[in-house]
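Novice: What follows is a protein structure lacking sequence information:
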C-alpha cells in the first residue's frame, strides 16, 4: 500500500454538525475502499491566501491514510463533487508502507504527548 496525505478546505459557514458530517464522509470513504486511515487532523478555520469561490476563510482538514491509487481517484472524485469542499490537494508520501505499523506509531505519539503534558508543571503566573 501507498501512503497519502490529503488536505481539503471546507466551507467555513457550515455549522459544527455539517462540518462533522463532511469530515466523517471522507474518512468513511477511505475505510469503505479498503484504505487505512492513519490520522484525521482538523486544523479549524483559517484565513485563505486568496479568495476561493468568494470565501476568504476556510475550514482545513488533513487526512493521513494508506491505500491503492484507485482509492485516491475515488476520494478526489467525491471531493470534487461535494459543494461543501472549496479546494483539495493529495500528495503521495511513500510508496510502500505497513498501515498497521503507522497506526501503532501514531497511537504511541499521542500517548507520549499526553504524558509530556502531565509531566510538565504549569508556568507560574506573576500577580502584580
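Specialist: Alright, I've got the coordinates. Small disclaimer: the values here were computed from a predicted structure and weren't measured. Numbering: from 1, shown residues only.
Novice: Any stretches of this protein with poor pLDDT?
Specialist: 110, 113-128 (pLDDT under 70).
Novice: Strands of that one, residue ranges please.
Specialist: 2-10, 36-52, 55-67, 85-94 (DSSP state E).
Novice: wait, which of those is closest to residue 27?
Specialist: Counting by C-beta to C-beta, residue 27 lies closest to strand 36-52 out of the strands of the chain; the figure is 5.6 Å. The C-beta positions use only the backbone N, C-alpha and C, and glycine is treated the same way.
Novice: Pull out the buried positions in that closest one.
Specialist: Buried residues in strand 36-52, counted by 16 or more other C-beta atoms under 10 Å: 36, 37, 38.
Novice: Please apply the same query to stretch 92-99.
Specialist: Per 16+ other C-beta under 10 Å, stretch 92-99 contains these buried residues: 97, 99.
Novice: do stretch 81-89 as well
Specialist: Result for stretch 81-89 [16+ other C-beta under 10 Å]: buried residues 82, 84, 85, 86, 88.
Novice: swap in stretch 25-32?
Specialist: 26, 27, 29, 30.
Novice: With distance to residue 103 added, can I get the residues you listed in CSV?
Specialist: Output for the buried residues of stretch 25-32, formatted as CSV (distance: C-beta to C-beta, whole Å):
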residue, distance to residue 103
26, 18
27, 14
29, 18
30, 13
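Novice: before we move on, back to that, export the strands of the chain as CSV, with columns for distance to residue 21.
Specialist: Converted to CSV, the strands of the chain look like this (distance: least, C-beta to C-beta, whole Å):
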stretch, distance to residue 21
strand 2-10, 10
strand 36-52, 13
strand 55-67, 12
strand 85-94, 12
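Novice: between these, which one is nearest to residue 76?
Specialist: Using C-beta to C-beta, those put strand 85-94 closest to residue 76, at 6.1 Å.
Novice: list the helices and strands the closest one packs on?
Specialist: strand 2-10, strand 55-67, helix 69-81 (3 or more C-beta pairs under 8 Å, 6 or more residues apart in numbering; DSSP states H and E).
Novice: Brilliant, that's me finished.
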